[in-house]
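In: Following is a predicted model, sequence given first.
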Amino acid sequence: MRKAIWIILLCLLAGGGSALYVWNTMKQSEHDEGEYSLYETEKPQIELSLYFSVPDQARIRDESRDFVRKTIEEKFNVRLNVRYMAAGDNYDAQLTALLHANNAPDMWIVRNSDGGSKHTLDGVLADMTAYISPLTMPRYFKYWETERELIGYQIHNRFSRAPVPYDKNDYRSYYIRKDWLDRLGLEVPATYEQYLEVLRAFTFGDPDGNGHNDTYGFSTSGNGTRLSADWPEYIKNGLAYPAFMENNRFVDMESDPKIEEVVNDIVRVLDEGVIDPDWFLNKGNQHIEKAVRGEVGIVLGETADFAMDANPQSLQSRSKAFHSEANWIPFSPFGNKPLRTGIDPGYPFVFAKATADNEPEKLVRLVEVLDWLVGEEGFLLTHYGLEGKHYVREGNSIALLDEEQEREIRQTGDFRSVWSFLTPELPNVFGLQVVNARLTDHDRQVKEYLAGMPAEEKLGTALTPPIGIDEGLFRAKQNEFQVKMLFSEKSGRNWPIYRAQIMHEYYGEQILRNFESQVRKARKSS
């Protein structure tokens with residue numbers, strides 16, 4: 001408790017009026033997990049506005065039956081004004097529109113590439129010092145984050161963002177239609193050359209046996225603006241996602257000199273006609289929808305249950321609704337070469353400065369809600385539903401009642417995909433074990449494969465550009481040049497010229513130098 005008191009005293013100095021409000025509403029009370037919590041003796045009802053991202057298919061169709069929202073609203077005496085949509089350009093555009101209209105949500109999750117850098121520089125983010133600490137969010141720090149990690153996560157030396165709890169395991173893998181391979185008499189490709197042969201067979205060999213030339217080898221989504229990071233050609237040329245240290249030098253996958261050969265390789269496979277021709281215009285998860293429908297045979301996945309039978313919304317389960325024999329398995333065309341670096345904190349959640357300035361009591365209540373959501377009780381509700389209805393608990397064992405969950409989803413919408421936005425599927429964090437009767441031998445094999453995948457050493461820190469520099473402009477020009485090379489010039493030969501331009505005129509050198517400095521500092525202090 002003494003440490004917490006010092007934190008609050010620091011908050012008083014750093015956070016001004018907001019911190020004073022937090023201090024005045026603090027009282028010592030027993031938390032359901034033996035910690036301390038904030039509370040008010042009389043809690044007036046408050047409206048809280050949230051904006052967060054969900055998977056493409058996630059929807060609550062009947063909000064009157066949304067038991068998660070109802071539980072939160074009753075428990076904390078709040079009214080929730082919730083907006084959500086799939087991450088992507090539309091998500092960012094909607095948020096920008098809200099900010100420009102001076103209608104910022106009280107809390108939102110930043111999903112753009114700069115991690116909130118521009119929001120910080122524009123002065124729209126609240127200082128979180130008075131709101132996020134082991135005292136105000138004990139569950140968050142007990143189960144998910146450390147104070148040290150939080151310090152390393154800050155941007156432009158300001159405490160304006162906090163990492164969404166994240167899964168520290170790596171699940172990034174390519175997936176392939178094993179049933180197509182079997183029908184064509186092919187093995188799972190283990191080299192890039194074998195991968196190319198499979199692309200050709202999936203495109204020209206009628207892998208689905210319908211007698212039509214209507215399938216392609218690989219697809220991704222370029223959102224009409226850029227190369228996707230999904231292309232295997234990055235890995236072929238030694239560029240693991242998203243960045244790594246090599247020979248004591250920081251390597252940024254998207255802007256490295258090797259992009260010249262990446263573009264050349266992509267041009268070659270495009271010229272063969274073995275790639276979904278709409279890949280560049282695909283948005284969000286449209287390429288996954290094509291895989292579900294049986295139009296392409298290889299895509300990239302990044303979640304543990306991306307292709308598991310136990311997940312009704314997975315690529316595997318949804319594909320089987322179209323083709324009962326569909327069988328997606330993880331693989332890599334690069335043997336033991338890592339596809340990515342180890343996992344560091346990802347997207348942040350942030351608070352609106354306008355709310356902190358004008359209605360700090362909202363953020364105090366919001367912090368209580370968020371900390372409950374990342375605790376065991378909130379986790380169980382948002383991931384598995386209501387005890388006795390959607391699951392049965394015996395000690396630390398959770399048995400899912402799949403039929404009841406699926407009935408709920410059919411009637412109301414996918415509560416799990418919407419409300420689990422704040423925590424990953426990691427029951428073991430709470431010492432819980434989920435007994436899922438839907439888990440198949442296929443799923444166990446997928447889990448075993450993913451657990452054995454290699455990864456580059458993690459960076460150890462979030463990457464932020466220098467103060468006053470907009471990384472978004474650098475990335476936009478980078479993407480513009482790469483798209484030009486791919487479609488107009490059909491060659492990567494001019495990348496050294498273009499790269500020099502973005503490094504000098506769009507502050508690329510300063511940005512990457514800052515990234516490298518952050519990684520060195522993090523590794524030195526670890």
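Out: Arrived safely.
In: residues contacting Pro424?
Out: By C-beta atoms under 8 Å, 6 or more residues apart in numbering, Pro424 lies in contact with Pro165, Tyr166, Asp167. Bear in mind the C-beta positions are built from the backbone N, C-alpha and C, glycine included.
In: same question, Ala352
Out: Ala104, Pro105, Asp106, Met107, Trp108, Val124, Leu125, Ala126.
In: Save the contacts of Pro424 as TSV, and put in distance to Arg410 and pLDDT too.
Out: Output for the contacts of Pro424, formatted as TSV (distance: C-beta to C-beta, whole Å; pLDDT from 0 to 100):
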residue	distance to Arg410	pLDDT
Pro165	29	95
Tyr166	30	92
Asp167	28	91
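In: shaky segments in this protein?
Out: Along the chain, segments meeting pLDDT under 70 span 1-42, 526.
In: Output the longest helix belonging to it.
Out: helix 508-525 (DSSP state H).
In: which ones are touching Gly238?
Out: Counting by C-beta under 8 Å, 6+ apart, Gly238 has contacts Lys258.
In: Now do the same for it: helix, strand or coil?
Out: coil (DSSP: H, G, I helix; E, B strand; the rest coil).
In: Number of residues surrounding Leu196?
Out: Applying other C-beta atoms under 10 Å, we find 19 residues neighbouring Leu196.
In: quick one: the stretch of helix or strand it belongs to to chain centroid distance?
Out: Using DSSP states H and E, Leu196 sits within helix 192-204. What separates the centre of helix 192-204 from the centre of its chain is 30 Å, taken as C-alpha atoms, centre = their mean, to the nearest Å.
In: do stretch 65-81 as well
Out: That offset, for stretch 65-81, works out to 25 Å (C-alpha atoms, centre = their mean).
In: Stretch 261-275 too?
Out: 28 Å.
In: Return that stretch as PDB; C-alpha atoms alone will do.
Out: The C-alpha coordinates for stretch 261-275 follow below in PDB (Å, rounded to 0.1, in the frame of the first residue of the first chain):
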ATOM      1  CA  GLU A 261      14.200  -8.100 -54.400                       C
ATOM      2  CA  VAL A 262      10.900  -8.600 -52.600                       C
ATOM      3  CA  VAL A 263       9.200  -6.500 -55.300                       C
ATOM      4  CA  ASN A 264      11.000  -8.400 -58.000                       C
ATOM      5  CA  ASP A 265       9.800 -11.700 -56.600                       C
ATOM      6  CA  ILE A 266       6.200 -10.600 -56.200                       C
ATOM      7  CA  VAL A 267       6.200  -9.300 -59.700                       C
ATOM      8  CA  ARG A 268       7.300 -12.800 -60.900                       C
ATOM      9  CA  VAL A 269       4.500 -14.600 -59.100                       C
ATOM     10  CA  LEU A 270       1.900 -12.100 -60.200                       C
ATOM     11  CA  ASP A 271       3.100 -12.500 -63.800                       C
ATOM     12  CA  GLU A 272       2.400 -16.200 -63.500                       C
ATOM     13  CA  GLY A 273      -1.200 -15.600 -62.700                       C
ATOM     14  CA  VAL A 274      -1.200 -17.700 -59.600                       C
ATOM     15  CA  ILE A 275      -2.200 -15.000 -57.200                       C
END
